[in-house]
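Asks: coordinates only, sequence not included:
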């Protein structure tokens, strides 16, 4: 059974930075592509970033490209999302997701495993 636990959310001023972490319990973490999604109040969940099992391939939403960096440490079963130059429109609950795949899916329906989410609030 794959379980995901996010941490690192909080409140930050515009222009600031945060690093989110997501720890996966379960075997063969390196076989899973990992994604970060976010959901703002009143909006649908949207893709932010994804990384392949080996960490070589990444993909980003246009809205975060150049500001967010996804990375992983397979020895620690952990995926990270470094968020720089944060904007008020980045305010959302951020979710970690996992799928056993060699690809890097960017649609939420392709991910069967989800964390509970961590709140990120960016103030102006």
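Replies: Cool, got the structure. Everything quoted here is computed from the prediction, not taken from an experiment. Residues are numbered from 1 along each chain as shown.
Asks: now stretch 95-106: buried residues?
Replies: 95, 96, 97, 98, 99, 104, 105, 106 (16 or more other Cβ atoms under 10 Å). C-beta: built from backbone N, CA, C; applies to glycine.
Asks: elements contacting the helix or strand the second one falls within?
Replies: If I follow you right, that is residue 96. Per DSSP states H and E, residue 96 falls inside strand 92-100. Packed against strand 92-100, as judged by 3 or more Cβ pairs under 8 Å, 6 or more residues apart in numbering; DSSP states H and E, are the following elements: strand 3-7, strand 18-25, strand 32-39, strand 113-114, strand 118-123.
Asks: coming back round to it: need the max-distance pair from the buried residues of stretch 95-106.
Replies: Pairwise distances across these (Cβ to Cβ) peak at 16.3 Å, for the pair 95 and 104.
Asks: ok, now which ones touch the residue positioned nearest the centre of the chain?
Replies: Nearest to the geometric centre of the chain sits residue 36, at 2.3 Å (Cα atoms, centre = their mean). By Cβ atoms under 8 Å, 6 or more residues apart in numbering, residue 36 lies in contact with 20, 22, 48-50, 68, 70, 79, 81, 94-97.
Asks: list phi and psi for residue 108.
Replies: Backbone geometry at residue 108, expressed as degrees, to the nearest 10, gives phi -60, psi -30.
Asks: how much space separates it from residue 88?
Replies: Separation of residue 108 from residue 88 (Cβ to Cβ, to the nearest Å): 23 Å.
Asks: who has more neighbours out of the two?
Replies: When neighbours are counted by other Cβ atoms under 10 Å, residue 108 and residue 88 differ, and residue 108 comes out ahead with 16 against 11.
Asks: list the residues that contact the more buried one.
Replies: Per Cβ under 8 Å, 6+ apart, neighbours of residue 108: 37, 45, 47, 97.
Asks: please repeat the previous calculation with a cut-off of 7 Å.
Replies: Residues counted as contacts of residue 108 (Cβ atoms under 7 Å, 6 or more residues apart in numbering) are 37, 45, 47.
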